[in-house]
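[1] Based on what follows, work out the 3D shape:
(2 chains)
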Number of protein chains: 2
Amino acid sequence: MSDRPAKGRADGSRRLLEKMARGPAGWLSGDGPRSSIVLSSRVRLARNLKGVPFGARAGDDGREVVVAETKGAAGAVPALRGSVYIDVAALPEIDRQLLVERHLISRDLAADGGSRGVLVAPDERLSVLVNEEDHLRLQCVASGYQLETAWGAADELDTEIASRLAYAFSDAWGYLTACPTNVGTGMRASVLVHLPALVLTKQIGRVLQGITQVGLAVRGLHGEGTEVMGNFFQVSNQATLGLAEADIVRNLIRVTQQIIDNEDSAAEVLLRDARAEIEDKVFRSYGILSHCRVISTEEVMSLSSAVRLGVHLGILGATPVATLNKILVLTQPAHLEHALRLTPESAPDHKRADMIRSLLAPSPSSN
Amino acid sequence: MSDRPAKGRADGSRRLLEKMARGPAGWLSGDGPRSSIVLSSRVRLARNLKGVPFGARAGDDGREVVVAETKGAAGAVPALRGSVYIDVAALPEIDRQLLVERHLISRDLAADGGSRGVLVAPDERLSVLVNEEDHLRLQCVASGYQLETAWGAADELDTEIASRLAYAFSDAWGYLTACPTNVGTGMRASVLVHLPALVLTKQIGRVLQGITQVGLAVRGLHGEGTEVMGNFFQVSNQATLGLAEADIVRNLIRVTQQIIDNEDSAAEVLLRDARAEIEDKVFRSYGILSHCRVISTEEVMSLSSAVRLGVHLGILGATPVATLNKILVLTQPAHLEHALRLTPESAPDHKRADMIRSLLAPSPSSN
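    Model prediction:
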């Protein structure tokens, strides 16, 4: 992290937010393994500082200590070189919403009071939430299906931070956290998967049931308490205690592979039994996305899910996954409002359609 | 009409039917006046031969006399040079349906028994129904809004036929017809109009009521008893007695002009008050039509109506009305079945989508 004066840092946040509104994070490049099914792999480690009260008990003073110590420690970590600390408490609502849409901060961190923020590395692959539920949440997200890579980078970041800050740790319990459900490893590993074929073949219920039965959790696109949109599901470990980090990751990899296999089988069934209907659905969705003049975020999610399925099935070869990821991220309300400096009168559904057309142009062969 | 032997004539019918299935009639060229609102102008004259019983009473012998006399007379009429007599009684169901879809014969003529047919001039602008409800129905159809032209050509054909055949005519009643509702002039003049803006602005009910109040009739795309599809309405005179032909035509021209003015005003209102929604509807419809892989006739009607509105409003400049007319005609079930020699297993909704894409290619600028 650069150690510029306060004004410089604020400008850094502003520049980063502006840049974010205009392009997706590096992990949405679509170049990771199996990226047409697995959007991203993510590992988050909850950590707290020894000697500072946890959560709400930290008070303003405690929070300031955490912010200062984290900035100090992070400034010396090579992997965080060039990162920017965004003071979330000082942001207008639109910027907080931008960070939520980007999966950088949780809705809780956006809403809570008090000094808090997020430290973001240049490509957004690494980040550190400061003063959310825990003092620190170290995050690493990787493109596609590469949980081992995400875990390796998070673990390395954790080691670097730990060498500079004293964590609250118990030999009996492991890492101590504000909420007992995170105690132990403090780890949440997750994958964001796109499962349209399982939804279309009505097997998704059975598959999700299987996932929860082996102790994993399934959530919507924006984590806990958010609905499933565009056939995206976030699958993560529940237990943080009693398993080593490597076992948690290995377990999630095993289940994710099963989910991918299930989705692949469902896709094969669709192509075998309902090829015309699926092609029709894919191409109609592409036709609407590439021609409409007014569109809501929800409809973008739904139509781009069908187009993504088409790309996955090899029906719509000319549209890269990276373009779909751009559409998914950049057309969200806060991104759109930010990038286009919209006023309340500027008809965002209209601007959203314009942006999608410019992202999709030129039209692929329709044969 | 060429006077070839029976085998030659049958081959002529076959060739004409094959040609029809592959291209629209000349009057669908879209080059007539106001052709984005008025698809066609049509005049039909009911005539019966003196000395032959009318309608069902004609019997097989009477019908044969009518066919023979009509062929004989028509063979000498310059305007009918090169025309082909299609023996409808000898046609398989699919061919009869083709002629109905083409507006050349009525559903009644397709279904009735006994010797009957239609004499068709090369560009399908002139035709003579033989042994439908009346012995003869002389038809002229012109592209766009040109009732005077259609009436002039029908009148000329009538004069030519009348100089060669003796019509049943009463000084008191005028031309005698099988059904008293046609007696007098025996004339039905009609326009086929496309009124999407009046439908979208919910003014169509009031306008249709006004039309019937001045003694005109409104029907669907395929005449009496057919439903309104794709916002197409057929407007025609009801009364055939007590008005001169020229007055019937003049009256219909006046009302049609009012309908066109109403549609134009409704279109202006749409562009002023709901431009984004209309553009969205037009472009989505175009996007679906140009990308779908499976589509029904009904959906083609509905989507191409929105695209036609877009062309009319200048929103979608690159698609000619002639292309929309082709889509309207050639994707109908019998046309499709005929042109592609479909078997029952060959998924017509799939072939219809393929044909539309090939007719619409290349894609117009979407901006």
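
[2] Get me the contact residues on the stretch 151-300 of chain A for chain B.
    Taking C-beta under 8 Å from any C-beta of the partner chain as the contact definition, the stretch 151-300 of chain A meets chain B at A:276-277, A:279-280, A:283-284, A:286-295. C-beta here means a position set from N, CA and C on the backbone, and glycine is covered the same way.

[3] Are any of those residues buried, and if so which?
    A:279-280, A:283-284, A:286-295 (16 or more other C-beta atoms under 10 Å in any protein chain shown).

[4] Show me the residue at the heart of chain A, geometrically.
    With distances taken as C-alpha atoms, centre = their mean, residue A:103 lies nearest the centre of chain A, 3.8 Å away.

[5] Can I take it that that one is in a strand?
    No - per DSSP: H, G, I helix; E, B strand; the rest coil, residue A:103 lies outside any strand segment and is coil.

[6] The residue of the stretch 1-150 of chain A found nearest chain B: neighbour count?
    Chain B sits closest to residue A:36 of the stretch 1-150 of chain A, with a gap of 20.2 Å, by C-beta to the nearest C-beta. Here the number of neighbours of residue A:36 (other C-beta atoms under 10 Å in any protein chain shown) works out to 19.

[7] need the contact list for the residue nearest to it when sequence neighbours are not counted.
    Closest residue to residue A:36 apart from its sequence neighbours, by C-beta to C-beta, 6 or more residues apart in numbering or on different chains: residue A:312 at 4.0 Å. Residues in contact with residue A:312 (C-beta atoms under 8 Å, 6 or more residues apart in numbering or on different chains) are A:36-37, A:194, A:267.

[8] Helices - which of the residues you listed land there?
    residue A:267 (DSSP state H).

[9] Could you dump the contacts of residue A:312 into CSV and include pLDDT?
    Formatted as CSV, these follow (pLDDT from 0 to 100):
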residue, pLDDT
A:36, 83
A:37, 92
A:194, 95
A:267, 95
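
[10] Of the contacts of residue A:312, which pair is most distant in space?
    Distances among the contacts of residue A:312 were taken as C-beta to C-beta; the most separated pair is A:194 and A:267, at 11.2 Å.

[11] who touches both of those two?
    A:309, A:312.

[12] Determine the number of other residues adjacent to residue A:64.
    15.

[13] ugh, wrong one, residue A:19
    11.

[14] cool, and residue A:187?
    26.

[15] what about it, distance to chain B?
    Shown here: residue A:187 relative to chain B, a distance of 45 Å by C-beta to the nearest C-beta, to the nearest Å.

[16] got the contact list for that residue?
    A:43-46, A:237, A:240, A:245, A:248 are the contacts of residue A:187 under C-beta under 8 Å, 6+ apart.

[17] distance of it from residue A:246?
    From residue A:187 across to residue A:246, the span is 10 Å (C-beta to C-beta, to the nearest Å).

[18] And residue A:337, by the same measure?
    For residue A:337, the distance to residue A:246 - C-beta to C-beta - is 42 Å.

[19] now do residue A:262
    25 Å.

[20] hang on, the earlier thing: who wins on neighbours among the contacts of residue A:312?
    That'd be residue A:194 among these, by other C-beta under 10 Å, with 26 neighbours.

[21] Dig out what it forms beta bridges with.
    residue A:232 (DSSP bridges).
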